[in-house]
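In: here is a sequence with its predicted model. Questions after.
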Amino acid sequence: MKRTLLFATAVLLIQISYAQNNFPKPSPQQLAWHNMELYLFMHFGPNTFTNLEWGKGTEKEEVFNPTNLDCDQWCRVAKAAGAKGIIITAKHHDGFCLWPSKYSTHTVRESKWKNGKGDVLKELSAACKRNGLKFGVYISPWDRNHPDYGTAKYNDVFVNMMTEIFTKYGPICELWWDGANGEGPNGKKQEYDWKRFKATVRKLSPHTVIFSDVGPDIRWCGNESGTAGITNWNTLNTDGFTPGAGAPSTDTLNAGNRDGKYWIPAECDVSIRPGWFYHKEEDSKVKTPEQLFSLYLKSVGRGANLLLNVPPDDRGLITGYDSAALIGFRKLRENSFRKNLFAHADTYHLFGGILKKAPAASDGNFNTIENFTASNRESVGVEWKQNKKINCVVLYENIRKGQLCEAFQLLLFDKNEKLVKEIHGTTIGRKRIITFPATDVATIELTIEKQKYITGITEIEGYLLDDNLVEH
């Protein structure tokens with residue numbers, strides 16, 4: 001390791017806080033959410049039949065009539081895509097409820113579907129359980145139909161609706177709040193009681209993670225294109241902010257806050273089609289597997305989760321166009337990340353010119369951790385004696401102790417210990433996927449250049465992806 005002499009002569013102090021690690025950390029529910037990575041959104045309701053994106057709330061209930069609805073088919077498609085769950089739009093802005101709510105007259109009960117005896121939430125919740133998928137619910141507080149919207153009484157209505165959902169259709173892994181706040185049928189806007197809404201969910205289902213622009217558990221990534229920030233902190237300052245118009249700037253939501261007070265990681269929502277609800281004219285505009293893979297690299301590959309919208313059609317089925325793209329997307333992920341070329345490689349931890357083994361960096365066990373120290377510049381490496389052609393490195397940070405890496409350096413050496421590639425990055429988070437032109441590499445060496453506290457790394461992996469999938 002002749003290159004280590006170069007390293008030893010360039011020792012730099014890491015910028016780090018020497019206080020105890022009092023930085024925000026994920027809850028057990030948030031950790032479980034991080035590990036889901038990918039799950040499906042399903043926008044479904046009157047808009048599916050009226051060809052609208054935002055319903056007006058005046059649509060007749062009879063328009064909702066999915067004569068071939070099959071939630072088990074939705075689940076089969078989700079599983080074939082490698083998704084871990086489904087979040088359904090139980091109530092969109094038009095106010096139509098996909099369950100027979102006692103607190104509205106604009107529901108499936110008033111529709112023609114199943115002679116008013118149908119219940120989409122009941123069917124999907126049961127199908128998710130049968131198929132081993134998580135079940136989540138989107139419920140918009142905006143209601144363009146309900147006569148009480150725009151009055152204090154509507155907050156009672158919304159709480160009662162959530163109570164129905166949690167007591168009848170749980171367990172619910174994620175609750176999705178849209179911050180939209182437009183006018184109701186009386187021309188008034190609602191003053192949402194977010195504090196009460198949150199307290200209701202915490203009481204009814206403390207294990208449910210809540211999404212909105214500002215959490216409290218998961219935040220919007222600041223765009224609907226499915227991409228997290230190149231720098232992506234899992235922490236955010238939300239004091240004084242509210243969902244919707246009262247949220248931080250989209251740039252802040254995209255990157256998070258380095259010194260954020262709360263652990264509120266980013267979720268990247270994007271539709272497989274141009275629109276969120278099904279429109280037949282968009283059958284030819286479904287994103288390709290390659291486009292979906294690119295989104296995966298820019299969401300999950302930046303430490304966020306990917307919520308991919310796949311809208312059922314007016315039959316109540318996922319179309320073949322969408323399912324084919326999803327299956328192709330899964331094949332690309334599996335083929336790309338099937339073989340870690342540096343699995344169980346020789347490992348080392350170099351600090352102050354002293355070399356020791358670092359088996360946790362490449363043992364395939366995400367519960368073993370290689371910790372950097374809190375003082376001098378150091379590196380952790382994985383190496384083979386022969387070159388391996390790679391164009392992708394994947395890093396995993398031990399986020400159970402918080403997100404602590406601010407800046408890192410990757411040095412790639414060939415078998416002759418020649419430096420062939422130098423890469424600099426900022427945050428790592430749960431997973432960081434870095435791609436570059438294919439290069440012959442025998443050693444991957446990671447240095448944490450700046451950290452808030454002691455950074456822990458659970459794995460360093462190397463892959464050779466299809467060159468057409470790599471964005472340089």
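Out: Thanks, I have the structure now.
In: now do the contacts for residue 388.
Out: 341-342, 440-442, 462, 464 (Cβ atoms under 8 Å, 6 or more residues apart in numbering). The way it works is simple: take the backbone N, C-alpha and C, and place the C-beta from them, glycine included.
In: tell me the one of these nearest residue 332?
Out: Taking Cβ to Cβ as the measure, residue 332 lies nearest residue 464 of the contacts of residue 388, at 13.6 Å.
In: wait, doesn't the closest one sit right on residue 438?
Out: Yes - because the distance of 6.7 Å satisfies Cβ atoms under 8 Å, residue 464 is recorded as touching residue 438.
In: which neighbours do those two share?
Out: Residues touching both residue 464 and residue 438 (Cβ under 8 Å, 6+ apart) are 389-391.
In: now tell me what touches stretch 42-56 from outside.
Out: In contact with stretch 42-56 (Cβ under 8 Å, 6+ apart) are residues 59, 61, 63-66, 74, 86-89, 92-96, 98, 120, 144, 271, 275-279, 309-314, 316.
In: 7 Å instead, please
Out: Outside stretch 42-56, the residues that touch it by Cβ atoms under 7 Å, 6 or more residues apart in numbering are 59, 63-64, 74, 86, 88-89, 92-94, 96, 98, 144, 275-279, 309-312, 314.
In: what of stretch 281-301?
Out: 37-38, 226-228, 268, 270, 272-275, 305-306, 319, 321-322, 325, 328-329, 332-333, 431-433, 435, 469, 471.
In: now for residue 332: which residues touch it?
Out: Contacts of residue 332 (Cβ under 7 Å, 6+ apart): 289, 293, 469.
In: pLDDT score for the first one?
Out: According to the per-residue confidence, residue 289 scores 98 in pLDDT.
In: and for the second one?
Out: Model confidence at residue 293, given as pLDDT, is 98.
In: and the one 5 residues further on, by the same measure?
Out: According to the predicted model, the pLDDT of residue 298 comes to 98.
In: host element of the closest residue in space to residue 465 that isn't next to it in sequence?
Out: Once flanking residues are discounted, residue 465 sits nearest to residue 336: 4.7 Å by Cβ to Cβ, 6 or more residues apart in numbering. Per DSSP states H and E, residue 336 falls inside helix 320-337.
In: quick check: buried residues in that helix?
Out: 321-323, 325-326, 328-330, 332-333, 336 (16 or more other Cβ atoms under 10 Å).
In: now swap in stretch 463-472 and tell me
Out: Neighbour-count burial for stretch 463-472 flags 463-465, 469-470 (criterion: 16+ other Cβ under 10 Å).
In: stretch 53-60 too?
Out: Buried, per 16+ other Cβ under 10 Å, within stretch 53-60: 55, 57, 59.
In: of these, just say which sits nearest to residue 406.
Out: Comparing those against residue 406 with Cβ to Cβ picks out residue 55 as the nearest, at 44.7 Å.
In: returning to that earlier point: mind putting the contacts of residue 332 into CSV with distance to residue 116?
Out: Shown next, in CSV, are the contacts of residue 332 (distance: Cβ to Cβ, whole Å):
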residue, distance to residue 116
289, 40
293, 43
469, 48
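In: how close does residue 227 get to residue 426?
Out: Computed as Cβ to Cβ, to the nearest Å, the residue 227 to residue 426 distance reads 15 Å.
In: what's the closest non-adjacent residue to the spatially most central residue of the chain?
Out: The centre of the chain sits closest to residue 305, judged by Cα atoms, centre = their mean, with a distance of 1.6 Å. Nearest residue to residue 305, sequence neighbours excluded (Cβ to Cβ, 6+ apart): residue 267, at 5.1 Å.
In: secondary structure element for residue 268, which one?
Out: For residue 268, the host element (DSSP H and E) is strand 266-271.
In: of the shared contacts of residue 464 and residue 438, which is the most crowded?
Out: residue 390 (23 neighbours; other Cβ atoms under 10 Å).
In: that one should be in a strand, yeah?
Out: Yes - according to DSSP: H, G, I helix; E, B strand; the rest coil, the state of residue 390 is that of a strand.
In: hmm, back to that, I'd say the residue nearest to residue 465 and residue 461 touch.
Out: No - using Cβ atoms under 7 Å, residue 336 makes no contact with residue 461, being 11.4 Å away.
In: pLDDT at residue 342, what is it?
Out: Predicted confidence (pLDDT) for residue 342: 96.
In: for residue 472, that is, sorry about that
Out: For residue 472, the model assigns a pLDDT of 68.
In: also residue 13?
Out: What the model reports for residue 13 is a pLDDT of 38.
In: out of the contacts of residue 332, who's nearest residue 111?
Out: The nearest member of the contacts of residue 332 to residue 111, counting by Cβ to Cβ, is residue 289 at 35.5 Å.
In: circling back to that earlier point, nearest to residue 200 among the contacts of residue 332?
Out: Closest to residue 200, out of all of those and judged by Cβ to Cβ, is residue 293, at 38.9 Å.
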